[in-house]
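Enquirer: please find the sequence and the predicted model below.
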Amino acid sequence: MSKPKAGFYWCASCGGCEESVVDLAEDLIAVVAAIDFAFFPCAMDFKREDVEAMKDGEMAVCFINGAVRSSEQFEMVELLRKKSQLIIAYGSCAHMGGIPGLANLYDLESLLKRVYSETESTDNPSGTRPLPQTTVPGGKLTLPTLDESVKSLDQVIPVDYYIPGCPPPTPLLKAAVEAVLSGKLPPKGSVLAPDHALCKECPRIDSKPEDLLIKEFKRPHEIQIDTEKCLLAQGLMCLGSGTRAGCAAVCIKGNMPCTGCMGPVSRVRDHGGAMMGAISSLLEYTEEDQIVAALDSVVDPVGTFYRYGVPASMMFRKHKAPAIGGH
Amino acid sequence: MSNLSLPQTAAGNDGFEPRIVAFFCNWCTYTASDLAGISRMTYAPNTRVIRVMCSGRIEPQLILAALRKGADGVLIGGCHPGDCHYQVGNYKCLRRFKLLKRYFEQMGIEPERVRLEWIAASEGDKVQKVTNEMVEQVRKLGPLNLAEPPKPHHQAAVCAVAAEGAVS
């Protein structure tokens, strides 16, 4: 019997998700013994034509990481959806939009203007921009176009499972591969990670005060961080109370607060909304001006509470007031 | 996602009638709106009042869900500081509200679309005044018209239930 085929593709991502595959270390040998990589552009020389030549559903599973924005990414994920029995959104960007999703705070034109004309290191007096099509002496060259917004994978194609994390913890990948091979999979749409908050498995949980009150929010570079004490109790924006566990608290163990890359637990719809509510209510002040002053130390609410999930949030992107209506 | 239906009333500017979701706390503001009703005070019919036990129950997700599902503005009413039936619920609401407003500024949503007021059980007239002001405020801002996000495929069933529960 031939081995089941698998794919591993990247869209708008940094390559960290591929690193997490390499982090399987010795286990990678067992994975390669059990499955055939039929498509893995980062590591192996397969081309789009090879995927197009496959029968529909030929791959048992395809892991896709990265957010989706360019026309090439739209085409590729639709193609991979056709050729795969299971699609697994791999990593924060495919799961919720990720860091690239913060681009949804800007409109496309202002992003292009900034990158191709305004940055301090740009030298582009003629204002040249990449064109979808250019004719050169050798023939016609094409480039993908960009969508107005960054999207999570499930906003483009149906997704069967999610593996969260930036990058996903290797044990979750290993468990997912085993589940796919054995066919012991949870209901479709599940996030393949524990469904409780990080606090539950935090090594510092015993130092979390019963009545946690915060005077002032701090950023990691502003204080000498105690290596034993609950980070939230130190005034750091630790999102562990509303973020899914499964990461073995690696950031906490590295003395840094949780930034929420694993996404929310299943009871939460809007991760940032839930975290804004949970953390701001811990302020110890009752006077309005004191509250406002303390909240001034939160310099970037979206970047703090929605760092990995603007596209998957209820607002999806920065609102553009409609041209008509209003006064 | 279905929008909140609005009965056809006398159309205002450009025919726009603001849709306001009002979260009133059981002990003070909801009682005040009852008082306004039995005192036969009239005020703008644009609010859909949702009674909650405490303004401390109002978390950002509920406000976001209201706007996402078609509200043009959200009004929250709670007990005056020091009067909360649960002692500190209104303070929690105030802290969340102040942070949420900063979030709205970043997201391009006018912070004036959300308003928090302390209204005691005896202040039926304040319900009338605040509701009327809020409706006029949002009428000036115009419809919110949030762009519909792409529908997620295969979103975990449990999440969908939680989101529905959040506004029902």
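Expert: On my side now, so go ahead. Residues are numbered from 1 along each chain as shown, chains lettered A, B, ... in the order given.

Enquirer: now chain B against chain A: closest residue?
Expert: Chain A sits closest to residue B:142 of chain B, with a gap of 2.5 Å, by C-beta to the nearest C-beta. All C-beta atoms are positioned from the backbone trio N, CA, C, and that covers glycine.

Enquirer: my guess is that residue contacts residue B:16. True?
Expert: Yes - when contacts are counted by C-beta atoms under 8 Å, residue B:142 is listed as touching residue B:16 (6.5 Å).

Enquirer: avg pLDDT for stretch A:285-304?
Expert: Mean per-residue pLDDT for stretch A:285-304: 96.

Enquirer: now do the same end-to-end measure for it.
Expert: Its first and final residues considered, stretch A:285-304 spans 21 Å by C-alpha to C-alpha, to the nearest Å.

Enquirer: tell me if that stretch is near chain B.
Expert: Yes - shown here: stretch A:285-304 in contact with chain B (C-beta under 8 Å from any C-beta of the partner chain) through A:285-286, A:288, A:291-292, A:295, A:298, A:300-302.

Enquirer: pairing partners for the helix or strand harbouring residue B:116, with directions?
Expert: Applying DSSP states H and E as the criterion places residue B:116 in strand B:114-118. Here strand B:114-118 has these sheet partners by DSSP bridges: strand B:73-78 (parallel).

Enquirer: could you give the average pLDDT over the strand it pairs with?
Expert: For strand B:73-78, mean pLDDT is 98.

Enquirer: again, but for stretch A:104-114
Expert: 94.

Enquirer: could you chop chain A up by domain?
Expert: What automatic domain parsing lists as the domains of chain A is A:5-99+A:148-182, A:198-305.

Enquirer: any chance of a markdown table for these, columns mean neighbour count and distance to residue B:79?
Expert: Output for these, formatted as a markdown table (neighbours: other C-beta atoms under 10 Å in any protein chain shown; distance: least, C-beta to C-beta, whole Å):
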| stretch | mean neighbour count | distance to residue B:79 |
| --- | --- | --- |
| domain A:5-99+A:148-182 | 20 | 37 |
| domain A:198-305 | 18 | 13 |
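
Enquirer: Throw these into a markdown table and include distance to residue A:189, thanks.
Expert: A markdown table is the format used below for the domains of chain A (distance: least, C-beta to C-beta, whole Å):
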| stretch | distance to residue A:189 |
| --- | --- |
| domain A:5-99+A:148-182 | 7 |
| domain A:198-305 | 10 |
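
Enquirer: leaving out sequence neighbours, find the closest residue to residue A:77.
Expert: residue A:157 (5.1 Å; C-beta to C-beta, 6 or more residues apart in numbering or on different chains).

Enquirer: gap between the most centrally placed residue in chain B and residue A:234?
Expert: With distances taken as C-alpha atoms, centre = their mean, residue B:74 lies nearest the centre of chain B, 2.7 Å away. Look at residue B:74 and residue A:234: by C-beta to C-beta, to the nearest Å, they are 33 Å apart.

Enquirer: now do residue B:85
Expert: Distance, residue B:85 to residue A:234, by C-beta to C-beta: 33 Å.
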